[in-house]
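*Asks:* Sharing a sequence plus its predicted fold:
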Amino acid sequence: MLTKENLSRDELAKIVREEYIKAREEYEYIRTGKSISYKPPPSFDGHKEIVTDDGVILEKGRPPVWYELVDCFIKNKITNPGLYIHTVFQDYYDSPYPPKPKDLLRPEYLQKWEQIKINKQAEIIDALKFQVNILDKELRYLRNYLKKSKVDALVCILSDHTLALSPLFRFCLAKRYAKIDEAFSKLARIYAKSAKEQFQKFPDLYTKYWNSILDLSYLEE
């Protein structure tokens, strides 16, 4: 998650730089079919000012372009820089000229991201309702017809991969009941990685729309 609170500006810039490198390498692979190692040019990484021994400034320093991206992402509440950067790169897959870091700041891409978030917001809200309905339906069936206890029924549901329950939904429920039965702790460990990956794509939206039902604080452990 990209926020001021949990990382320094230098650390945030490092994350953005790494995500740009990943997106650029993926772009080259899609364009050429070959895997390459990409290293940003010095002009992207900036440099310190050059000063002579007697204090004459020969060249002013220039901050890395990644700081500008970090400031923009924080201002526009882009908490997943990797997804944003890859989304922009997708528009260039048919172009021989990949986007430079400052291209990521263009208004049309920021507007496109806002529309993606709006669409994702509705999807996340509907997904929670849908999964809660599945959970309720399965619980009633297992308890009323198969006479299983609530604990056994929940373990069966969270273990059933044929049910349309996301890793994040399964993980949070498993953590909620982890102190009741060790089976839930085992399930939580199984889903932990994929749940965090799902959450980190749109952490602000999941926190806003799922936190009233699922304790997302477990994801900070």
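*Replies:* It's in. Small disclaimer: the values here were computed from a predicted structure and weren't measured. Numbers count the residues shown, from 1 in each chain.
*Asks:* Quick check: what element follows the lengthiest helix in the chain along the chain?
*Replies:* What stands out as the longest helix in the chain, according to DSSP state H, is helix 107-144. Remark: after helix 107-144, the chain's next helix or strand is helix 150-159, criterion DSSP states H and E.
*Asks:* ok and that following helix relative to helix 107-144, angle-wise?
*Replies:* Using axes from the mean of the first three to the mean of the last three C-alpha atoms, to 10 degrees, the inter-axis angle of helix 150-159 relative to helix 107-144 is 140 degrees.
*Asks:* got a list of contacts for helix 150-159?
*Replies:* Here helix 150-159 makes contact (C-beta atoms under 8 Å, 6 or more residues apart in numbering) with 135, 138-139, 142-143, 146, 148, 163, 165, 170, 173-174, 177, 180-181, 183-184, 187. Glycine gets a C-beta too; all of them are placed from N, C-alpha and C.
*Asks:* The very next helix or strand once past it: how far from the chain's middle?
*Replies:* As assigned by DSSP H and E, the chain's next helix or strand after helix 150-159 is helix 167-176. Using C-alpha atoms, centre = their mean, to the nearest Å, the distance from the centre of helix 167-176 to the centre of the chain it belongs to is 18 Å.
*Asks:* Could you list every helix and strand in contact with helix 167-176?
*Replies:* helix 107-144, helix 150-159, helix 182-201, helix 203-210 (3 or more C-beta pairs under 8 Å, 6 or more residues apart in numbering; DSSP states H and E).
*Asks:* Break the protein down into its structural domains.
*Replies:* 9-105, 113-220 (automatic domain parsing).
*Asks:* For this protein, list the residue farthest from the centre, please.
*Replies:* Here the chain reaches farthest from its C-alpha mean at Asp54, the gap being 48.8 Å by C-alpha atoms, centre = their mean.
*Asks:* in which helix or strand would I find it?
*Replies:* For Asp54, there is no enclosing helix or strand under DSSP H and E.
*Asks:* so where's this protein shaky on pLDDT?
*Replies:* 1-6, 49-53, 55-59, 61, 219-221 (pLDDT under 70).
*Asks:* can we see that at 80?
*Replies:* Residues of the chain meeting the criterion pLDDT under 80: 1-7, 47-62, 212-221.
*Asks:* follow-up on the earlier one: now tabulate the helices and strands packed on helix 167-176 in a markdown table and tack on mean neighbour count and distance to Tyr67.
*Replies:* Below are the helices and strands packed on helix 167-176 laid out as a markdown table (neighbours: other C-beta atoms under 10 Å; distance: least, C-beta to C-beta, whole Å):
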| stretch | mean neighbour count | distance to Tyr67 |
| --- | --- | --- |
| helix 107-144 | 14 | 17 |
| helix 150-159 | 18 | 43 |
| helix 182-201 | 17 | 22 |
| helix 203-210 | 18 | 22 |
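*Asks:* how about a markdown table for the ones you listed, with distance to Tyr27 added?
*Replies:* What follows is those, written out as a markdown table (distance: least, C-beta to C-beta, whole Å):
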| stretch | distance to Tyr27 |
| --- | --- |
| helix 107-144 | 15 |
| helix 150-159 | 39 |
| helix 182-201 | 20 |
| helix 203-210 | 26 |
